[in-house]
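In: Here is my input, please return the structure:
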Amino acid sequence: MQISLDHHHILLYCAVFILSLLGIYGIESRVADKERTRADAAEAKSQLIQAQNKDFQTQVAQQVQQLVLQNTQLQQANQVLSSEIASTNALLAAQKTKDKSLPPDQLAARIVTLVPGGSISVQPNGYLFDQLEAVAVAQTLEEVPALESNVQKLESENANLTTEVTNDVKTLDLEKQSHAHDITADQAKLDAVNAELSQVKADCRKSKFKWFGAGVVVGFVARHFVGF
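Out: You can find the predicted model right below:
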């Protein structure tokens with residue numbers, strides 16, 4: 001059977017075909033717009049997070065630099081203190097050696113210089129302390145065990161502080177490792193989202209061809225029902 005198409009039928013066929021395509025692309029446009037909105041939102045969020053992370057990293061770098069500088073200054077101060085302690089101990093050892101060789105009158109004068117408060121006289125069998133000097137010497141000697149105990153406690157406290165600082169450094173390193181793992185996990189999630197978005201775009205392209213084919217079929221069916 002030969003089919004003849006007049007001008008009216010051709011226009012009607014074209015109209016049906018165009019309307020079908022417009023419907024197809026209308027649906028695809030809505031889907032694409034929705035996905036684009038999601039993609040734009042994700043991109044904006046990603047840029048915001050990146051900007052915040054950049055600012056945070058800058059602040060952390062500045063703080064780390066300040067802490068490194070402060071640690072350097074503290075190390076230099078500790079070196080000065082260690083040098084002064086060593087010098088004091090050397091002078092003390094030298095003075096003790098010198099005290100052994102002092103004649104009685106000079107040794108008595110040395111004791112009064114170190115522990116002023118009274119007087120000491122040299123006797124044939126030793127030294128005679130008056131009451132004031134005896135009390136001053138006794139009180140000074142009382143301080144020695146307490147001072148030695150305080151030194152030991154300060155050394156223990158310093159050791160504890162050193163251990164605490166070491167633990168803080170280890171904690172910071174662990175937190176940095178944890179942060180690095182979080183970044184890796186977030187990057188994996190981002191890669192998965194990007195892959196999903198790419199798949200959605202690919203599915204949209206496939207859907208266009210599918211809807212195009214459906215439009216052609218609809219056109220032929222419509223042509224059949226309108227009778228040409």
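
In: Residue 152: helix or strand, and which one exactly?
Out: In the assignment (DSSP states H and E), residue 152 maps to helix 131-226.

In: model confidence over that helix, on average?
Out: If you average the pLDDT over helix 131-226, you get 75.

In: and if you look at stretch 65-77?
Out: pLDDT averaged over stretch 65-77 gives 85.

In: For that stretch, what is the distance to the chain centroid?
Out: Mean-position distance between stretch 65-77 and its chain equals 19 Å (C-alpha atoms, centre = their mean, to the nearest Å).

In: do stretch 113-131 as well
Out: The answer for stretch 113-131 is 65 Å, by C-alpha atoms, centre = their mean.

In: Where does residue 116 sit: helix, strand or coil?
Out: Here residue 116 is recorded as coil under DSSP: H, G, I helix; E, B strand; the rest coil.

In: what's the closest non-adjacent residue to it?
Out: Counting by C-beta to C-beta, 6 or more residues apart in numbering, residue 116 lies nearest to residue 136, which is 6.9 Å off, once chain neighbours are set aside. In short, each C-beta sits where N, CA and C put it, glycine included.

In: from memory that neighbour sits against residue 114, does it?
Out: No - checked against C-beta atoms under 8 Å, the pair residue 136 and residue 114 is beyond contact range at 9.6 Å.

In: quick one: which of the two has more around it?
Out: Each of residue 136 and residue 114 has its neighbours counted (other C-beta atoms under 10 Å); residue 136 has more, 19 against 12.

In: ok, now which ones touch the more buried one?
Out: With contact taken as C-beta atoms under 8 Å, 6 or more residues apart in numbering, residue 136 is in contact with 115, 116, 117, 118.
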